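In: Structure for this input, please:
(chains A and B)
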Amino acid sequence: MAIQVSGITKRFNDFTALDSVDLEVKSGELLALLGPSGSGKTTLLRIMAGLESPDGGGLLLNGEEALGLKPRDRQVGFVFQHYALFRHMTVFDNVAFGLKVRPRGERPGSAEIKRRVTELLELVQLSPFAGRYPAQLSGGQRQRVALARALAIEPKVLLLDEPFGALDAKVRKELRRWLRKLHDDIHITSVFVTHDQEEALELADRVVVMNQGRIEQIGTPAEVYDHPASAFVYEFLGQVNRFDCTVEGGIARVGDGALAIPAQGGVQGPAVAYVRPHDLGVTPASAGPARISGIHVVGPDARIDIDLAGLTLEAEMDRERLATLGIVAGDRCAIHIDRARVFAR
Amino acid sequence: MPADASIAAPASIRVQPARAALTEPAWVRVALIAGALLFLALFLLLPLVAVFVEALRRGFGAYWTALIEPDAVAAIQLTLIVAAISVPANLLFGIAASWCVAKFDFRGKNLLITLIDLPFSVSPVISGLIYVLLFGMNGLFGTYLRDMGVQIIFAVPGLVLATIFVTFPFVARELIPLMQEQGSDEEEAALVLGASGWQTFWRVTIPNIKWGLLYGVLLCNARAMGEFGAVSVVSGHIRGETNTMPLHVEILYNEYNFVAAFAVASLLAMLALVTLVVKTALEWRFGDELAASRH
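Out: Purely as a prediction, here's the structure:
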């Protein structure tokens, strides 16, 4: 089912959470709403579910006007950041809830409910835990119960609010991969909110980058990462070196000409240049203009702090490359920039 | 030699210092426990025992006679009626008040919370007096009520009103922190899953607060039956008509009828004991669910 958001605006007292947002979610896709906290992404998701009502704008679910519908009539599955499992019910009863509260005419028989719940618990690999209470489960297990519960009502859309936010790094990664596989299997239109760019880029078909109640860019993960539409998107999607510079004749000059960066896009005058740490090359040079001020090895990668005429830069490379270069902290070096983005200031 | 040292060191660390850091010397522990027990015995247990000893001083026959005497029976009945009206009323008010405090944001919320606490901070005598000033013969609505032929003060309605006022905070006080801590995530989840407001209330909200609710009701009931001050002001002390058990006890005591006074008092004491036993039994029987509901 497709979702169409047009001109949605939402204010909380003086704070504008959403400022005339337009968005189209295609049928069957997995879409990420990515942004820092306060960017309005969760509010947008809650408006889609009917848990919040906008001050203006329109919402179509599968072509039908949905703002007048109650949450229960929208056929959406919602997964909450802190799971929101019914604490006094077993895992089985949690998943069965959506089926048991249906009006008498539409309610499946108890044998049918049992079959469906068993099937869903198998899907989320929690069959042995059917009789447990939420308090007796780990975070990852609770989140999977929440997912099974949301899927039990056979929703047309699945909405997930920071689904992995409360989990530790390892579980988060596993669950992320598992969710992607699940989506590939059942192809339900899904929207998830996250502030973790890695999560959005890895998991989503398309990423919507939000900032201060507006959408900055919509695109595939490769598009938003490689061709960011604005300085904000560039800065938000990964580590960056940021330089204030002046562009003249296609060359961005930083400081007193300590660094010259090729600038495309016809920007002139004062600008901001961004360079990703892995696009910053380092070569040892005894008379080089820069100095290595520190090297931090993190797993297979190395992060190198570089001091260039008072500027602090960060470069990134794998450990093998570091070993080949043979540089240590305190060495002088030359730097070259493979790729940069320049935005007018 | 290094091997010896590495074995000897942990052995010496293991026993003494760890214990000294976490536990008090034996004499301190014994003194604290003994002090607490002595205090309990002196101020709680001794009076309780005294009530029963005094009540049974002339034997069980006299005790029984005092309880089935018509005025005593009337007092017991009246107490039960007052509790039977005010406890359900405060159950409803308490749920409603804590629901809106915990689940909604609105102007004047703090004022509401303060108002809920008012009966605890005001002397019960004042609470009773308020109703006399409002509904009494010389009160605000006094003439109107007299013309209508409705009697509130010195009658059962006054007793009920005063009791409701005094016992209002028990349920709400118990529920507000509980519901605030639980938030409204689960209710929202239920609504998205297709439950109606009514279904959400009965299947999600009530089960989540049932223990707090039960505590609140138990305490509310104990106070409703035992309330003296506020009820004393509005009652008028008409024997066999507007005397609740606590008032009846006072009258008997003032008439030097100690056996009868303590006999009725022993019923109130038993009510307290039953309340405690039920509370403990519930905790013991449903301990697992109780723990689960606290998450």
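In: In space, not sequence, find me the middle residue of chain A.
Out: residue A:200 (3.2 Å; CA atoms, centre = their mean).
In: Now do it, the pLDDT please.
Out: Looking at residue A:200, its pLDDT stands at 92.
In: and if you look at residue A:7?
Out: On the pLDDT scale, residue A:7 gets 92.
In: The residue nearest to the centre of chain A is in contact with residue A:30, isn't it?
Out: No - using CB atoms under 8 Å, residue A:200 makes no contact with residue A:30, being 10.3 Å away. From N, CA and C alone the C-beta is placed, and that goes for glycine too.
In: To what extent is residue A:242 buried, counted in neighbours?
Out: 13 (other CB atoms under 10 Å in any protein chain shown).
In: ah, wrong one, I meant residue B:276
Out: Residues near residue B:276, counting by other CB under 10 Å: 12.
In: Same question for residue A:113.
Out: The burial count for residue A:113: 19, using other CB under 10 Å.
In: so what's residue A:183 closest to, chain neighbours aside?
Out: Excluding the flanking residues, the one nearest residue A:183 by CB to CB, 6 or more residues apart in numbering or on different chains is residue A:30, at 5.0 Å.
In: Now do the phi/psi pair for that neighbour.
Out: phi -110, psi 110 (degrees, to the nearest 10).
In: List the residues that contact it.
Out: A:180, A:183, A:190, A:192, A:203, A:204, A:205 (CB atoms under 8 Å, 6 or more residues apart in numbering or on different chains).
In: Of all residues in chain B, which one is nearest the centre?
Out: residue B:219 (2.0 Å).
In: was I right about that residue contacting residue B:170?
Out: Yes - at 4.7 Å, residue B:219 counts as touching residue B:170 under the criterion of CB under 8 Å.
In: got a list of contacts for the worst-scoring helix or strand of chain A on mean pLDDT?
Out: Least confident element among the helices and strands of chain A, by mean pLDDT, DSSP states H and E: strand A:259-262 (a mean of 80). Outside strand A:259-262, the residues that touch it by CB under 8 Å, 6+ apart are A:243, A:245, A:250-254, A:273, A:275, A:308, A:311, A:335, A:337, A:340, A:342.
In: Extract the CA atoms of that strand and return them as PDB.
Out: Provided in PDB are the C-alpha atoms of strand A:259-262 (Å, rounded to 0.1, in the frame of the first residue of the first chain):
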ATOM      1  CA  LEU A 259      45.000  23.700   1.300                       C
ATOM      2  CA  ALA A 260      43.500  24.000  -2.200                       C
ATOM      3  CA  ILE A 261      40.500  21.800  -3.000                       C
ATOM      4  CA  PRO A 262      39.000  21.400  -6.500                       C
END
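In: Partner strands of that strand and their direction?
Out: Its sheet considered, strand A:259-262 pairs with strand A:251-254 (antiparallel) by DSSP bridges.
In: any idea of the mean pLDDT for the partner strand?
Out: Strand A:251-254 comes out at a mean pLDDT of 82.
In: And the contacts of that strand?
Out: Counting by CB under 8 Å, 6+ apart, A:243-247, A:259-263, A:267, A:271, A:273, A:311, A:340, A:342 sit against strand A:251-254.
In: Residue A:206 is in contact with residue A:32, correct?
Out: Yes - because the distance of 7.4 Å satisfies CB under 8 Å, residue A:32 is recorded as touching residue A:206.
In: So which of those two has more stuff around it?
Out: residue A:32 (27 against 18).
In: what are the pairing partners of the helix or strand hosting the more buried one, and which direction each?
Out: Applying DSSP states H and E as the criterion places residue A:32 in strand A:30-34. Here strand A:30-34 has these sheet partners by DSSP bridges: strand A:189-194 (parallel), strand A:206-211 (parallel).
In: and the longest helix along chain A, what's its mean pLDDT?
Out: If you go by DSSP state H, chain A has its longest helix at helix A:169-186. Throughout helix A:169-186, pLDDT has a mean value of 87.
In: So which elements touch it?
Out: helix A:139-152, helix A:197-203 (3 or more CB pairs under 8 Å, 6 or more residues apart in numbering or on different chains; DSSP states H and E).
In: Dump that helix to CSV, keeping only the CA atoms.
Out: Coordinates of each C-alpha in helix A:169-186 appear next as CSV, following Å, rounded to 0.1, in the frame of the first residue of the first chain:
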residue,chain,number,x,y,z
ALA,A,169,25.4,-2.8,19.1
LYS,A,170,25.7,-6.5,18.3
VAL,A,171,22.0,-7.4,18.7
ARG,A,172,21.1,-4.3,16.7
LYS,A,173,23.2,-5.5,13.7
GLU,A,174,21.7,-9.0,13.8
LEU,A,175,18.2,-7.7,14.1
ARG,A,176,18.8,-5.2,11.3
ARG,A,177,19.8,-7.9,8.9
TRP,A,178,17.0,-10.1,10.0
LEU,A,179,14.4,-7.3,9.4
ARG,A,180,15.8,-6.7,5.9
LYS,A,181,15.4,-10.4,5.1
LEU,A,182,11.9,-10.4,6.6
HIS,A,183,10.9,-7.5,4.4
ASP,A,184,12.3,-9.2,1.4
ASP,A,185,10.1,-12.2,2.2
ILE,A,186,6.8,-10.5,2.9
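In: domain ranges for chain A?
Out: Following the assignment in automatic domain parsing, chain A carries domains at A:3-235, A:239-344.
In: Please name whichever of these is nearest to residue B:248.
Out: domain A:3-235 (42.5 Å; CB to CB).
In: can you give me the strands in the stretch 1-150 of chain A?
Out: Using DSSP state E, counting those that start in this stretch, the strands found in the stretch 1-150 of chain A span residues A:3-12, A:15-25, A:30-34, A:56-61, A:64-65, A:76-79.
In: Okay, now the unreliable bits of the stretch 151-300 of chain A?
Out: A:256-258 (pLDDT under 70).
In: Kindly report the residues of it close to chain B.
Out: A:152, A:153 (CB under 8 Å from any CB of the partner chain).
In: now with 7 Å?
Out: Neighbours of chain B within the stretch 151-300 of chain A, by CB under 7 Å from any CB of the partner chain: residue A:153.
In: tell me the phi and psi of the residue of the stretch 151-300 of chain A found nearest chain B?
Out: Taking CB to the nearest CB as the measure, the point where the stretch 151-300 of chain A comes nearest chain B is residue A:153, at 5.9 Å. The phi and psi torsions at residue A:153 (degrees, to the nearest 10) take the values phi -90, psi 10.
In: what sits against it?
Out: A:77, A:98, B:193, B:194 (CB atoms under 7 Å, 6 or more residues apart in numbering or on different chains).
In: can you pick the most crowded of those?
Out: residue B:193 (28 neighbours).
In: Extract the C-alpha trace of stretch B:152-165 and format it as PDB.
Out: Output of stretch B:152-165 as PDB, limited to C-alpha atoms (Å, rounded to 0.1, in the frame of the first residue of the first chain):
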ATOM      1  CA  ILE B 152     -27.600  16.100  55.100                       C
ATOM      2  CA  ILE B 153     -26.000  17.000  58.400                       C
ATOM      3  CA  PHE B 154     -26.700  14.800  61.300                       C
ATOM      4  CA  ALA B 155     -27.800  12.100  58.800                       C
ATOM      5  CA  VAL B 156     -26.300   9.400  56.700                       C
ATOM      6  CA  PRO B 157     -25.600  11.600  53.600                       C
ATOM      7  CA  GLY B 158     -23.400  13.900  55.700                       C
ATOM      8  CA  LEU B 159     -21.500  10.900  57.000                       C
ATOM      9  CA  VAL B 160     -21.000   9.600  53.500                       C
ATOM     10  CA  LEU B 161     -19.800  13.000  52.200                       C
ATOM     11  CA  ALA B 162     -17.400  13.500  55.000                       C
ATOM     12  CA  THR B 163     -16.000  10.000  54.600                       C
ATOM     13  CA  ILE B 164     -15.600  10.400  50.800                       C
ATOM     14  CA  PHE B 165     -13.700  13.700  51.400                       C
END
